[in-house]
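**Student:** Sequence plus the predicted model coming up.
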Protein chains: 2
Amino acid sequence: MKVCIVGVGLIGGSLGLALKSNGFADQIIGVDSSSRHLETARQLGLIDIGMSEDEAIKTADLIVLAAPVDALLNLLPTVLDRISHHQTVVDLGSTKELLIQQIDGHANRDRYVAAHPMAGTEYSGPSAAKEDLYQDKICVLVDTHQSAKDALDLAKQMFSSIGMKLTEMGSSEHDLHCAYVSHISHIAGFGLALTVLEKEKNEARIFELASSGFSSTARLAKSSASTWIPIFRQNRDHVLDVLDEHIEQLSRFRSLLIKKDFDTFYKKIEAANEIKRIID
Amino acid sequence: MKVCIVGVGLIGGSLGLALKSNGFADQIIGVDSSSRHLETARQLGLIDIGMSEDEAIKTADLIVLAAPVDALLNLLPTVLDRISHHQTVVDLGSTKELLIQQIDGHANRDRYVAAHPMAGTEYSGPSAAKEDLYQDKICVLVDTHQSAKDALDLAKQMFSSIGMKLTEMGSSEHDLHCAYVSHISHIAGFGLALTVLEKEKNEARIFELASSGFSSTARLAKSSASTWIPIFRQNRDHVLDVLDEHIEQLSRFRSLLIKKDFDTFYKKIEAANEIKRIID
């Protein structure tokens, strides 16, 4: 099996590493708009060989698109234009509704499987790639009824081979859920970082005191703008709804502090503790 | 050296474990208002023996107060009333200004060292204790000019023995800094948990998707109300200032989303990325 990965950063590079290591791929072909990234990926063993996009698409059995979600909007249709019916295309983007609309009715629509492996770190680029990034994480397969059975099966085999648990969802449901469990956390992290950076002038002292509570929230604020702005742009309506609700929650806390109503605040914290049921 | 620890939960219990393990203490005497906690602490080896508060204070060379910050307001003065001049008292509370005011001018003020070891987890109680909780973390010693040299030296020896890095700060500066780097992260975490819990009805799906980004922020929302409400109460003014600023930051993000001004949002994320300089 020849696998082509378009975009050899954290997401694509980690996939390459895992698929080489487990023997799923006989050859990993890397494609990247940055020739420097491509060379780094080859040196780090994330891919076997770098090629031009055209050449790689002609060569590969399975084409995986690991580009930022704004690039995917242009990339996916042009890739589908160029493949034949024995090839399969999978994307790894974090938003799905707009992308799937973009290729609605395409002659090769059924060769495409929309996937979102829910894994990542706050780092980016090929040097951030990790072989176990996907192990035991969830992969959401989206609008699967629109994919051919053999294409879907191949995508499932690939994600299962790297230790992912599979689930299926509609594109609209997927984007809404991701606004809640991923996008808002990142917005909160960016906001927290700016709050501390702008208010606190004595940076040496922040550095000294930054405890685990702060680090675990603010580490998300290291995430790259070029990854997240396209996500926020495409999922803007859902993100806005969740952000409104989050600001509302914080405003209620603010009001309780102003009124010194610590009994109600206590109950709010106990209600928040219910999250124990949901995360480990 | 006989060390008495009042409050044998996560904070006190972890200290007991570390001081027994490194040989700093010949005997760890535990005191706790909950006899069940005291028995659990003894069984887990966090303490050698449980005693009544009075008996323990008579026996110990070093008395460490690891109670919630509201309990400390009453506990610290009555402990200082009962000690003699060869004994040392250290507290481990997360807020300092009010507590230090509370014992201002006390005859035994100089036997007391105000300390805040900046370590913890979202869990509480003796069974959450960990021997390496304090390793490589920061301990802030507060208003140290008010402590006798030998008392301060003993406190420093104790915190150094468990691998902590020491720093010193005034009480007002301490409480303000902690509002920025610790208290606001917890409020953000509680808010995020409530946002998701209240809006999202299909819990199985949240459970499925909760990715590392969400977990790292929302894990703080598991923290105990009985620990945090007293902290928010005592540090209310600083927490309110920082919360106002955080809501303002999020409101700016909201406004950028409404206006679809993704260029400015991009720059905001790049500014937030500056947090890299401050946290690993």
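**Tutor:** Happy to help now that I have it. Quick caveat: nothing in here was measured; it's all calculated off a predicted structure.

**Student:** Which parts of chain A are helices?
**Tutor:** Under the criterion DSSP state H, helices of chain A are mapped to A:10-21, A:35-43, A:53-59, A:69-82, A:97-102, A:149-161, A:171-178, A:184-199, A:203-209, A:212-218, A:225-234, A:236-258, A:262-272.

**Student:** who does the fifth one touch, helix- and strand-wise?
**Tutor:** If I follow you right, that is helix A:97-102. Judged by 3 or more Cβ pairs under 8 Å, 6 or more residues apart in numbering or on different chains; DSSP states H and E, helix A:97-102 is in contact with helix A:69-82, helix A:171-178, helix A:225-234. From N, CA and C alone the C-beta is placed, and that goes for glycine too.

**Student:** average model confidence for the last one?
**Tutor:** Here the mean pLDDT over helix A:225-234 is 94, rounded to a whole number.

**Student:** residues in contact with that helix?
**Tutor:** A:68-71, A:94-95, A:97-99, A:124, A:175, A:183, A:186-187, A:239, B:257, B:260, B:262, B:265-267, B:269-270, B:273 (Cβ atoms under 8 Å, 6 or more residues apart in numbering or on different chains).

**Student:** at 7 Å instead, please
**Tutor:** A:68-70, A:94-95, A:98, A:124, A:183, A:186, A:239, B:257, B:262, B:265-266, B:269-270 (Cβ atoms under 7 Å, 6 or more residues apart in numbering or on different chains).

**Student:** For stretch A:138-151, give the mean pLDDT please.
**Tutor:** 97.

**Student:** still on that earlier bit, which of the helices of chain A has the lowest average pLDDT?
**Tutor:** Mean pLDDT values for the helices of chain A show the minimum at helix A:203-209, a mean of 66.

**Student:** before we move on, back to that, out of the helices and strands packed on helix A:97-102, flag the one nearest A:Ala148.
**Tutor:** helix A:69-82 (12.7 Å; Cβ to Cβ).

**Student:** In terms of pLDDT, where does A:Arg219 sit?
**Tutor:** For A:Arg219, pLDDT reads 85.

**Student:** measure it to A:Thr195 for me?
**Tutor:** 15 Å (Cβ to Cβ, to the nearest Å).

**Student:** A:Gln102 and A:Pro77 touch, don't they?
**Tutor:** Yes. Between A:Gln102 and A:Pro77 there is a contact under Cβ atoms under 7 Å: 6.2 Å.

**Student:** center of chain A - which residue?
**Tutor:** Geometric centre of chain A, nearest residue: A:Ser94, 4.3 Å, by Cα atoms, centre = their mean.

**Student:** how near is the nearest residue to it once chain neighbours are set aside to B:Phe265?
**Tutor:** Of all residues not flanking A:Ser94 in the chain, A:Ile231 sits nearest, at 5.1 Å (Cβ to Cβ, 6 or more residues apart in numbering or on different chains). A:Ile231 sits at a distance of 11 Å from B:Phe265 (criterion: Cβ to Cβ).

**Student:** Which residues are in contact with A:Gly163?
**Tutor:** A:134-136.

**Student:** which of those count as buried?
**Tutor:** Using 16 or more other Cβ atoms under 10 Å in any protein chain shown as the burial test, the contacts of A:Gly163 include A:Tyr134 as buried.

**Student:** Tell me, how many residues neighbour A:Asp26?
**Tutor:** Here the number of neighbours of A:Asp26 (other Cβ atoms under 10 Å in any protein chain shown) works out to 12.

**Student:** Now do the phi/psi pair for it.
**Tutor:** phi -80, psi -30 (degrees, to the nearest 10).

**Student:** how near is A:Val140 to A:Val181?
**Tutor:** Counting by Cβ to Cβ, the gap from A:Val140 to A:Val181 is 11 Å.

**Student:** same question, A:Gly30
**Tutor:** Counting by Cβ to Cβ, the gap from A:Gly30 to A:Val181 is 30 Å.

**Student:** and if you look at A:Ser33?
**Tutor:** 30 Å.

**Student:** so can I have JSON lines of the helices and strands packed on helix A:97-102 showing mean neighbour count?
**Tutor:** Below are those laid out as JSON lines (neighbours: other Cβ atoms under 10 Å in any protein chain shown):
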{"stretch": "helix A:69-82", "mean neighbour count": "18"}
{"stretch": "helix A:171-178", "mean neighbour count": "22"}
{"stretch": "helix A:225-234", "mean neighbour count": "21"}
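
**Student:** ok, back up a step: B:Glu55: which of the helices of chain A is closest?
**Tutor:** Counting by Cβ to Cβ, B:Glu55 lies closest to helix A:262-272 out of the helices of chain A; the figure is 32.8 Å.

**Student:** Tell me what angle that closest one forms with helix B:184-199.
**Tutor:** Between helix A:262-272 and helix B:184-199, the angle comes out at 70 degrees (axes from the mean of the first three to the mean of the last three Cα atoms, to 10 degrees).

**Student:** Show me how far helix A:262-272 is from its chain's centre.
**Tutor:** Chain-centre distance of helix A:262-272: 33 Å, with Cα atoms, centre = their mean, to the nearest Å.
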